[in-house]
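Chemist: this is a predicted model, with the sequence first.
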Amino acid sequence: MNIRTPHVTLACSLLGAIGLGADAPAPPPDKPGWRLVFQDEFDRPQLNDMHWFPAYRSGRKEYFKRIGKASRWTDHNAHYVIEDGILKLRIGATLPYRADKSDQCVSCIQTSDHRFGATTNEFQILDKFAQKYGWFEIRCRCPRGEGLLSAFWLHQHDPTKQEYTPDGHRKTIGDGVLEIDIFELQGRNIHDATSKVDLNVHFTKEAHYRPEVGIDASMGFHVWAMEWQEGRVDWYLDGKVIKTYTGPTPQEKMFILMALFQYSGWIGKIDPDMAYPRDFEVDYVRAYARAGP
């Protein structure tokens with residue numbers, strides 16, 4: 001059980017004040033200069049369907065099936081539990097559904113999805129929340145393990161401006177910015193005293209970072225945040241800036257995704273002896289817009 005720490009000022013939650021393995025305090029929802037526009041504290045025993053789709057980009061999966069392009073995911077549906085005010089995006093031995101426990105899989109929830117009609121010129125955007133610019137924040141704990149990836153990110157809500165072309169070709173650097181990774185944590189990069197975190201703005205040449213931070217992201221809950229403004233992205237950990245990018249940023253509304261992935265690839269090879277379940281534990285998700293004058 002995670003017991004939330006009493007509200008403290010932002011200054012008290014800086015990295016230097018937090019011991020290794022300790023929980024970072026949860027800041028209060030009120031943030032000077034900002035207006036809270038999205039909030040889920042996971043204080044109810046079931047997922048709030050006013051906020052979330054419990055699946056990983058099901059509109060894209062169905063479209064891939066239509067054009068005969070294979071999806072790497074057997075099942076796009078999320079596997080999760082909510083216990084003691086904590087959402088646990090879970091990978092178990094049998095769920096998400098797959099033929100073998102070592103097959104690749106994902107448990108994801110997101111605030112937007114889409115459905116194509118007869119052609120890609122006909123589509124419906126299913127927004128529960130999407131926003132251009134702002135502050136996006138999560139308090140969470142991430143699992144260790146090779147072949148695991150915990151992620152919290154933003155993506156274009158317009159399906160025609162996402163990372164795949166209508167013929168299923170994945171875009172690359174030079175095709176424009178369309179995704180911001182608030183963080184990606186590879187389970188193999190989480191250690192007793194440090195963690196290496198991936199921070200990205202896709203698809204740019206410059207904004208791909210992997211700083212080492214002085215926490216064990218698997219032992220305590222920490223507050224990860226990102227401020228997105230025109231031409232600039234600042235990433236925060238426990239109230240302190242850990243990286244800044246200046247350059248092109250997305251020009252469309254973005255929706256929130258958070259997921260726990262298991263697969264063999266750039267995050268390593270799935271450990272066949274991994275003990276299950278593995279949980280990406282989330283205390284809350286909050287999003288803010290700049291307050292008016």
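Modeler: Received it, and whenever you're ready, just let me know what you need.

Chemist: how far away is Asp113 from Gln262?
Modeler: 22 Å (C-beta to C-beta, to the nearest Å). In this view, the C-beta of every residue, glycine as well, is placed from N, C-alpha and C.

Chemist: cool, and Ile82?
Modeler: The gap separating Ile82 from Gln262 is 21 Å, by C-beta to C-beta.

Chemist: of the two, who's got more company?
Modeler: Gln262 (27 against 16; other C-beta atoms under 10 Å).

Chemist: and Glu62, which helix or strand is it part of?
Modeler: helix 58-67 (DSSP states H and E).

Chemist: what's the offset of the helix or strand following that helix from the middle of its chain?
Modeler: Following helix 58-67 in sequence order, the next helix or strand is strand 80-83 (DSSP H and E). Distance of strand 80-83 from its chain centroid, counting by C-alpha atoms, centre = their mean, to the nearest Å, is 17 Å.

Chemist: ok, now stretch 49-65?
Modeler: Worked out by C-alpha atoms, centre = their mean, stretch 49-65 lies 15 Å from the chain centre.

Chemist: do the same with stretch 147-158
Modeler: The mean C-alpha position of stretch 147-158 is separated from the chain mean by 4 Å, C-alpha atoms, centre = their mean.

Chemist: put the alpha carbons of it into CSV.
Modeler: Extracted C-alpha coordinates of stretch 147-158, given in CSV (Å, rounded to 0.1, in the frame of the first residue of the first chain):
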residue,chain,number,x,y,z
GLY,A,147,12.4,-6.4,-21.7
LEU,A,148,10.2,-4.1,-19.7
LEU,A,149,9.4,-0.5,-20.4
SER,A,150,7.3,1.9,-18.4
ALA,A,151,6.2,4.9,-20.4
PHE,A,152,4.1,8.2,-20.0
TRP,A,153,3.8,10.2,-23.2
LEU,A,154,1.8,12.5,-25.5
HIS,A,155,0.7,11.8,-29.1
GLN,A,156,-1.2,13.7,-31.8
HIS,A,157,-4.9,13.1,-31.5
ASP,A,158,-5.5,13.4,-35.3
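
Chemist: contact partners of the helix or strand bottoming out on mean pLDDT in the chain?
Modeler: Sorted by mean pLDDT, DSSP states H and E, the helices and strands of the chain end with helix 58-67, the least confident at a mean of 93. With contact meaning C-beta atoms under 8 Å, 6 or more residues apart in numbering, helix 58-67 is reached by 70-71, 73, 76, 113-116, 120, 126, 159, 162, 164, 167-168.
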